[in-house]
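Novice: 3D, please:
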Amino acid sequence: MGVSNNITAVLNFIALLASMPIMGAGVWLASKPDNECIHNFRWHVLILGLLVLLVSLAGFVGAYWNKQGLLAFYLGCMAILIALLLFILLFAFIVTRPDGTYHVPGRGFKESMLDGFSPWLRNHVTTSRSWNKITTCLAVSDTVSE
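Specialist: Next up, the predicted model:
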């Protein structure tokens, strides 16, 4: 086994081990039905952990036993995951770039208004389905006190 395969196998084994706490967090979030905010993220975290597990397992097995098909699958999946992460990063940066904050005289913090954010984010937040989830989440949390 070559040096590059050894490095690939070790890195994928570390990623394999790191995927287990991610999946554990997803299972833990799924078992906590009392918090509506956490309820919205439970399946996303679990699926992310499962995808990392499968891709790192394919990379580890392919590198350790020099299976060219698994290494090709691993490289393709890793390229797709990297492209998706870059897309999400750019999308989040573009959507949240106008942050909607403004200075208030006499206060040490900035106030926010929804009008200062991007039109896509405003429309997404103010739809009845999204807004109902947000208000339910805020109502059960200690974020907004009356």
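
Novice: switch to C-alpha atoms for all contacts and neighbour counts from now on
Specialist: Fine.

Novice: Tell me which helix or strand comes right after the helix or strand of the chain with the lowest mean pLDDT, heading toward the C-terminus.
Specialist: The weakest-scoring helix or strand in the chain, judged by mean pLDDT, DSSP states H and E, is helix 36-39 (a mean of 71). Note on helix 36-39: by DSSP states H and E, the next helix or strand toward the C-terminus is helix 42-64.

Novice: mind listing what's buried in the helix or strand that that following helix is followed by?
Specialist: Next along the chain after helix 42-64, taking DSSP H and E as the criterion, comes helix 68-96. Going by neighbour count (16 or more other CA atoms under 10 Å), the buried part of helix 68-96 is L70, L71, Y74, C77, M78.

Novice: Report the residue ranges of every domain in the chain.
Specialist: According to automatic domain parsing, the chain comprises the domains 1-96, 98-146.

Novice: Where among these is average confidence lowest?
Specialist: The weakest mean pLDDT among the domains of the chain belongs to domain 98-146, with a mean of 78.

Novice: related to what we said a few turns ago, and among the domains of the chain, the most buried is which?
Specialist: With neighbours defined as mean count of other CA atoms under 10 Å, the domains of the chain peak in mean count at domain 1-96, which reaches a mean of 16.

Novice: ok now it, how far from the chain's centre?
Specialist: The chain centre lies 11 Å from the centre of domain 1-96; the measure is CA atoms, centre = their mean, to the nearest Å.

Novice: Quick check: phi and psi at T127.
Specialist: phi -60, psi 150 (degrees, to the nearest 10).

Novice: how near is it to F93?
Specialist: Distance, T127 to F93, using CA to CA, to the nearest Å: 21 Å.

Novice: With D115 instead?
Specialist: Applying CA to CA, the value for D115 to F93 is 17 Å.
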